[in-house]
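Novice: here is a sequence with its predicted model. Questions after.
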Amino acid sequence: MKKTTETIEIKHSCEFCKREFVKERTLFSHLCEQKQRWQNRDQLGNRLGFQSWLQFYSKNSMSKTKNKTHEEFIKNAYYIPFVKFGNYCADVNVINVSRYVDWLLKNNIKIDSWISDTTYTRFLIEYIRHEDPFDAIHRGVETCMRLSEADRIQPHDILRYGNANRICLEITKGKISPWMLYCSDSGTKFLDTLSPEQVKIIMDYINPEQWALKFHREPDLKQQIKDTLRIAGY
């Protein structure tokens, strides 16, 4: 009798797209779309997109029992728009991404508009008016510290001697809050020195009438913030 030898071919399969390869090194060099998404999972934009997708899923799913995984995220039809959103949040340094996502969902904003500057500005103006004032002051102090390194002056003197255009830009980013501008001596003097063009740029963010009404309703809190800023030299 003639013996026959069968060759057993071992194939290596991609865990993402399930494509099979004869050689292991071919599998190692293989890069499908889902594998690339997995490799990019630790990038800031991807992480922000994943966390935002989890919020979206939690609020829109009937099932609250199953935790969604990153593997499910990279296979989801919403992967690309959410990663785009995460990259947008990273690029513009969005204040409180989680709260922004809540606001977007609450207001039924279409996901295509989540990366719109106009949409974020709407949220930001509303957010800075209702956030905890001590959070606003903490963020403002950190911003003054960062700006002071470039101008080589003390952080508490930024509103006195810093570059006005750069400060106005930080105001439009929500980094320097009306809490700091209206409740500090340096802040009120800074506002008095601005040109009409500069005032126009920041007006929506510092709306004097709205903030005057807010301070009227919370006089004790306003005084507490003023005392805090005065002691800090602002």
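Specialist: Nice, I can see it. Residues are numbered from 1 along each chain as shown.
Novice: centroid residue for the chain?
Specialist: Taking C-alpha atoms, centre = their mean, the centroid of the chain lies closest to residue 94, which sits 2.7 Å from it.
Novice: now do that residue, the pLDDT please.
Specialist: You'll see residue 94 listed with a pLDDT of 96.
Novice: cool, and the one 3 residues further on?
Specialist: Per-residue confidence at residue 97 stands at 97 (pLDDT).
Novice: in the protein, what secondary structure element scores lowest on mean pLDDT?
Specialist: Between all helices and strands in the chain, the lowest mean by mean pLDDT, DSSP states H and E belongs to helix 24-29, at a mean of 62.
Novice: and the nearest residue to residue 147 once chain neighbours are set aside, how close does it get to residue 230?
Specialist: Using C-beta to C-beta, 6 or more residues apart in numbering and skipping the chain neighbours, the partner closest in space to residue 147 is residue 158 (5.1 Å). All C-beta atoms are positioned from the backbone trio N, CA, C, and that covers glycine. Using C-beta to C-beta, to the nearest Å, residue 158 is found at 16 Å from residue 230.
Novice: out of those two, which sits in the more crowded spot?
Specialist: residue 158 (27 against 12; other C-beta atoms under 10 Å).
Novice: can you tell me the SS state at the residue nearest to the centre of the chain?
Specialist: The three-state assignment at residue 94 reads coil, by DSSP: H, G, I helix; E, B strand; the rest coil.
Novice: okay, domains of the protein per the record?
Specialist: Taking automatic domain parsing as the reference, the chain has its domains at 8-32, 40-116, 131-231.
Novice: now those in CSV, with distance to residue 122?
Specialist: Shown next, in CSV, are these (distance: least, C-beta to C-beta, whole Å):
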stretch, distance to residue 122
domain 8-32, 38
domain 40-116, 9
domain 131-231, 10
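Novice: looking at the ones you listed, which is nearest to residue 123?
Specialist: Each of the domains of the chain has some distance to residue 123 by C-beta to C-beta; the shortest is domain 40-116, at 5.0 Å.
Novice: next, the distance between the ends of the closest one.
Specialist: 24 Å (C-alpha to C-alpha, to the nearest Å).
Novice: list the buried residues for the lengthiest helix in the chain?
Specialist: For the chain, the helix with the greatest residue count under DSSP state H is helix 133-151. Neighbour counts using 16 or more other C-beta atoms under 10 Å place 133, 136, 137, 139, 140, 141, 143, 144, 147, 148 of helix 133-151 among the buried residues.
Novice: only C-alpha atoms, please: export stretch 44-59 in CSV.
Specialist: C-alpha atoms of stretch 44-59 as CSV (Å, rounded to 0.1, in the frame of the first residue of the first chain):
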residue,chain,number,x,y,z
LEU,A,44,-6.6,61.9,22.8
GLY,A,45,-9.2,62.5,20.1
ASN,A,46,-10.1,58.8,20.0
ARG,A,47,-10.4,58.6,23.8
LEU,A,48,-12.6,61.6,23.9
GLY,A,49,-14.7,60.2,21.1
PHE,A,50,-15.1,56.9,22.9
GLN,A,51,-16.2,58.5,26.1
SER,A,52,-18.7,60.7,24.3
TRP,A,53,-20.0,57.7,22.4
LEU,A,54,-20.6,55.9,25.7
GLN,A,55,-22.6,58.9,26.9
PHE,A,56,-24.6,58.9,23.7
TYR,A,57,-25.2,55.2,24.0
SER,A,58,-26.2,55.5,27.6
LYS,A,59,-28.8,58.1,26.9
